[in-house]
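Engineer: sequence and predicted structure below; questions after.
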Amino acid sequence: MKREFSAGTILFREEKDKRFYFLIEDSRGNWGFPKGNLEEREGSLETALRETKEETGLKKIEIFPGFKRSINYFYNPGAYKQEKKKEEIFKTVVFFLARTSEKKFKLSFESKNGGWFSFQDSLKKLRFANYRKILQEAEEFLSSPCLKIFKNFSQIAKNDLRFKSLLIAAEGLTSILPENFLPKVVKREDNFLFLKGEKIDLNKFKRIFLISFGKASSHSALILNKILKEKITKGFVLDPSSPVKKIDKLEFLKVYHPFPKEENILAGKKVLSLSQDIKEDDLVIFLISGGGSASLFLPKGVSLTELRDILKDLYKKGATIEEINIIRKHLSEVKGGNLAKKFFPATIFSLIISDVPGNDLSIIASGPTVKDFSTLEEAKRIFQKYSLDKKYPQIKFSETPKEEKYFRKVKNILVLTNKTALLAMKKKAEEIGFQAKIISEKIEGEARKVAKEITKEIQKNQCLLFGGETTVKVKGKGKGGRNQELVLAALENLKRGEVLIALASDGIDNSQAAGAIVDWQTKKTAKELGLVAEEYLENNDSFHFFEKTGDLIFTGPTGTNVSDLILFLRK
């Protein structure tokens, strides 16, 4: 039996939000894609580009990375030529996805007809099922939310299993974007505002203030601004990823994360300026999300430099987010219920997006409007646990407000957790044929240990989902985040047919990357490049490891934050 190899492209162009595919009709009346046989010393990609240019007359053609499909079939050339001798040939055709901006084409002499067609019209013209299947996969690929969510999707979707895993992850991230979840929990009818079951008569208040801080604050504030419109008296937005600007009565202030700067203090003072003449008939709506601890920042009993150094030490020593926030509360004018005290006696509604395992409202953004049950002594014990009391003997902790009167008119409403993302991921995984299971919404622990645990066992055709936040003990001088470290530590356990993704839902895993994706191909690439995972782990340098293997995930700031999302998939 003879073998034959060909290559071609699924060629598309876009015009006014519409997508068109290029099809060619052969001499037998069958419609298909531009393709041709490999020539001597020619790779399939070279052949695909050459044949496409020759058959269409188009010059500006670029390969769209991340999509490669192949089909196999038998054919008998003698049957077409009505020859007596019939010899079957087993043919393999590799197709790449390609894009062009050109519309005018010039067919080669070999083609009977050709042209640009919509997806639906293309499906109708294609006679062979394997061609229709590839076209459907191409359309799904190009229509996927992955292309909007993941900036380097085409580079990391190297195979079908990766594509499916990224599709699942994108579904989770899409579900937690403020524009997708906030309108469901905040609604207005005339002068009544409904906040997840709470009915508020806006006419009862002379002034309404909107204060939003944290990584989801920008998008959330804009949505609430559209809902409240003319009712807002004044507002401030403190988002580390948002530029300074003013929209209607909202002022966007410059702040930094995770380590505050002088700008954070200035922004904090501006927020507190609203509390100077606060009245009983005022309404204050706070939008609070992860990253709020650094965004709204006013230290007490400690200097800016000292607190930044303390936070860096706690992160390096692997302190939990709960421990770090207890320290923050007792060294702050606004955390641990202090913000509620500052705005007393106004009516306060805090809409809270959780980024902490277990969704403890007193921990999220260090609980600025939540009555705090941690104590001064507890903060001191944590300081001693990590040997910081000797390094910073001058630090003076203060107690958080415990008086009930400051919290009687405060409603703290949890509006989003990682469960929303995990349920969306589970649903998508099941839709595309996997048995999906949410293992934990509050996974914690040292990233390397968690990596071993979650990749210990998985069944065929299964998708395991996790949410939470791990920690990293920093010993080296490398670059990376807890998600990248977790994935790198899990690499040695991965088998063929398995994919692992770990990413920060805010898009920032202590670096420009949101996280990383690994599979058997990663192990193969690392071996070819001479990369030893353990050496990079010892130096806490997961970022540069995955930069070399091409497995970093980039989203940019997502405008939301529900801790980390982990996906483990086996075909």
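Structural biologist: Perfect, thanks for sending it.
Engineer: in this structure residue 74 contacts residue 4, no?
Structural biologist: No: assessed by CB atoms under 8 Å, residue 74 is found out of contact with residue 4, at 10.4 Å. Every residue, glycine included, has its C-beta placed from N, CA and C.
Engineer: find residues that contact each of those two.
Structural biologist: Any residue near both residue 74 and residue 4 by CB atoms under 8 Å, 6 or more residues apart in numbering counts here, and that gives 89, 90, 91.
Engineer: what's the weakest-modelled helix or strand in this structure?
Structural biologist: Of all helical and strand segments in the chain, the minimum by mean pLDDT, DSSP states H and E falls on helix 77-81, at a mean of 60.
Engineer: chain neighbours aside, what residue packs nearest to residue 118?
Structural biologist: Computed as CB to CB, 6 or more residues apart in numbering, the closest residue to residue 118 that is not its neighbour in sequence is residue 20, at 6.1 Å.
Engineer: before we move on, what about residue 198?
Structural biologist: Nearest in space to residue 198, with sequence neighbours left out and distances taken as CB to CB, 6+ apart, is residue 411 at 6.3 Å.
Engineer: am I right that the one you found is in a strand?
Structural biologist: Yes: secondary structure of residue 411 (DSSP: H, G, I helix; E, B strand; the rest coil): part of a strand.
Engineer: how close does it sit to residue 275?
Structural biologist: Here residue 411 is placed at a distance of 18 Å from residue 275 (CB to CB, to the nearest Å).
Engineer: can you pick out the residue with more neighbours from the two?
Structural biologist: Neighbours of residue 411 and residue 275, each counted by other CB atoms under 10 Å, are more numerous for residue 275; the result is 18 against 15.
Engineer: re earlier: so where does the residue nearest to residue 118 fall, helix or strand?
Structural biologist: Per DSSP states H and E, residue 20 falls inside strand 18-25.
Engineer: what does that strand contact?
Structural biologist: Contacts with strand 18-25, where a contact means CB under 8 Å, 6+ apart, come from 10-14, 31-34, 55-56, 105, 107, 111-119, 122, 125-126, 135, 138-139, 142.
Engineer: give the PyMOL command for selecting the buried subset of those.
Structural biologist: To isolate the buried ones among those in PyMOL, judged by 16 or more other CB atoms under 10 Å, type:
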select buried, resi 10+11+12+13+31+32+33+34+55+56+105+107+114+116+117+119+122+125+126+135+138+139+142
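Engineer: just the ones of the contacts of strand 18-25 in helices?
Structural biologist: Secondary structure assignment (DSSP state H) places 55, 56, 119, 122, 125, 135, 138, 139, 142 from these within helices.
Engineer: ok, and the closest non-adjacent residue to residue 3?
Structural biologist: The spatial neighbour of residue 3 that comes closest, neighbours along the chain excluded (CB to CB, 6+ apart), is residue 90 at 5.2 Å.
Engineer: what about stretch 292-309, start to end distance?
Structural biologist: As for stretch 292-309, its first-to-last residue distance stands at 18 Å under the measure CA to CA, to the nearest Å.
Engineer: list the buried ones in it?
Structural biologist: Burial within stretch 292-309, assessed by neighbour count using 16+ other CB under 10 Å, is assigned to 292-299, 302, 304, 307-309.
Engineer: and if you look at stretch 347-361?
Structural biologist: Buried residues in stretch 347-361, defined by neighbour count with 16+ other CB under 10 Å: 347-357, 359, 361.
Engineer: which residues of the stretch 51-200 of the chain fall in strands?
Structural biologist: Using DSSP state E, counting those that start in this stretch, the strands of the stretch 51-200 of the chain run over 61-75, 89-100, 113-117, 186-189, 192-195, 198-201.
Engineer: go through those and find the least confident stretch.
Structural biologist: Mean pLDDT values for the strands of the stretch 51-200 of the chain show the minimum at strand 61-75, a mean of 86.
Engineer: strands paired with that strand, and their directions?
Structural biologist: The strands beside strand 61-75 in its sheet (DSSP bridges) come out as strand 89-100 (antiparallel).
Engineer: next one: the strand it pairs with to chain centre, how far?
Structural biologist: With CA atoms, centre = their mean, to the nearest Å as the basis, the distance from the averaged C-alpha position of strand 89-100 to the chain average is 32 Å.
Engineer: also stretch 329-341?
Structural biologist: Averaging C-alpha positions (CA atoms, centre = their mean) puts stretch 329-341 30 Å from its chain's average.
Engineer: ditto for stretch 290-309
Structural biologist: The gap between the average C-alpha position of stretch 290-309 and the chain average comes to 26 Å, counting by CA atoms, centre = their mean.
Engineer: measure it end to end?
Structural biologist: Here stretch 290-309 reaches across 20 Å from its first residue to its last, counting by CA to CA.
Engineer: mean confidence for the one helix or strand residue 265 maps to?
Structural biologist: Assessed by DSSP H and E, residue 265 sits inside helix 262-273. For helix 262-273, mean pLDDT rounds to 96.
Engineer: so what touches that helix?
Structural biologist: By CB under 8 Å, 6+ apart, the residues outside helix 262-273 that reach it are 211, 213, 236, 238, 251, 253-256, 294-299, 304, 333-334, 342.
Engineer: what's the closest of the strands of the stretch 51-200 of the chain to residue 494?
Structural biologist: Residue 494 lies closest to strand 61-75 among these, at 20.3 Å (CB to CB).
Engineer: related to what we said a few turns ago, quick check, the residue nearest to residue 3 in contact with residue 76.
Structural biologist: No: the pair formed by residue 90 and residue 76 falls short of the contact definition of CB under 8 Å, at 11.0 Å.
Engineer: mind listing what residue 236 touches?
Structural biologist: Contacts for residue 236 (CB under 8 Å, 6+ apart) come out as 210, 211, 212, 213, 250, 251, 252, 253, 267, 270, 271, 274.
Engineer: roughly how far apart are it and residue 459?
Structural biologist: Plainly put, residue 236 is 50 Å away from residue 459 if you go by CB to CB.
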